[in-house]
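*Asks:* Quick one, what's the 3D model for this:
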Amino acid sequence: MKLVVCLLGVAFANGQAGQEQRPQMAETVFKNVQVLKGIPVDEFMDTTGMLAAALSLNCIDCHTPNSVGSWENFADETPLKGTARRMMLMVNTINRDNFSGVRSVTCYTCHRGDLRPKVVTNLTVPYSAPVEDPNEIQILPVSGGPSADQLFDRYIQSLDGSQQLANLTRFAA
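*Replies:* Numbers count the residues shown, from 1 in each chain. Okay, here's the model as predicted:
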């Protein structure tokens, strides 16, 4: 009997230890989240920051000025928040219907750091040399290649294996 109780305790403890902490979702932490539901708080904050940057805005432009003093006030409704929600739904629809759900169009695609999107493009842009932005990250889909773990294993092997890596005690830059 003691063995059964002990084994059940170990199985229960292993089940608890194996469960990872799930991140809190935006709609459980913040009030009045309507479009960006189902994403972790960190991703929510990053997304709203990208929205603000795409239009050269800051938090108080979409939220009320009295939000600075109270987290509760960030939930207050404003006309710009309503517009942002409609625009996010439009961008999501464009990406879903035209790019197989791949995020190809963003707020920045049209706004380029301005509150109003450019209706007519500046023709010097498409006809001049492309501007290389060293901070731009382009993620290309990879298929059929080795996984990140396989690449890392090959890298360790190229360093004469894990024993050499275990002897490493410091890194000098």
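
*Asks:* Am I right that Cys107 is in contact with Gly49?
*Replies:* No. Contact criterion C-beta atoms under 8 Å: Cys107 and Gly49 do not qualify, at 11.6 Å. Where C-beta positions appear, they are placed from N, C-alpha and C, glycine not excepted.

*Asks:* which of the two has more neighbours?
*Replies:* Cys107 (20 against 12; other C-beta atoms under 10 Å).

*Asks:* ok, that one - contacts?
*Replies:* Neighbouring residues of Cys107 by C-beta atoms under 8 Å, 6 or more residues apart in numbering: 50-51, 54-55, 87-88, 91.

*Asks:* ok, and the closest non-adjacent residue to the spatially most central residue of the chain?
*Replies:* Residue closest to the average C-alpha location in the chain (C-alpha atoms, centre = their mean): Glu43, at 4.5 Å. Spatial nearest neighbour of Glu43, chain neighbours left out: Ala26 (7.7 Å); criterion: C-beta to C-beta, 6 or more residues apart in numbering.

*Asks:* where in this structure is pLDDT low?
*Replies:* 1-19, 142, 164, 171-173 (pLDDT under 70).

*Asks:* now the helices for it?
*Replies:* For the chain, the helices defined by DSSP state H cover 2-18, 26-29, 41-54, 59-62, 79-98, 107-111, 124-127, 148-158, 161-167.

*Asks:* Now the fourth one: buried residues?
*Replies:* Buried positions in helix 59-62, judged by neighbour count with 16 or more other C-beta atoms under 10 Å: Cys62.

*Asks:* Contacts for it next, please.
*Replies:* Contacts of helix 59-62 (C-beta under 8 Å, 6+ apart): 48, 51-52, 55, 67-68, 74, 78, 80-81, 84.

*Asks:* ok so, going back, could you export the helices of the chain as TSV, including distance to Pro141?
*Replies:* Formatted as TSV, the helices of the chain follow (distance: least, C-beta to C-beta, whole Å):
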stretch	distance to Pro141
helix 2-18	31
helix 26-29	27
helix 41-54	21
helix 59-62	33
helix 79-98	15
helix 107-111	19
helix 124-127	25
helix 148-158	14
helix 161-167	31
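
*Asks:* I figured Arg154 hits Pro146, correct?
*Replies:* Yes. Using C-beta under 8 Å, Arg154 is in contact with Pro146, at 7.4 Å.

*Asks:* gap between the two ends of stretch 118-134?
*Replies:* Taking C-alpha to C-alpha, to the nearest Å, the first and last residues of stretch 118-134 lie 24 Å apart.

*Asks:* repeat for stretch 109-119
*Replies:* For stretch 109-119, the end-to-end distance is 12 Å (C-alpha to C-alpha).

*Asks:* mind starting the numbering at 170 from now?
*Replies:* Happy to do that; since the first residue is 170 now, the last one works out to stretch 278-288.
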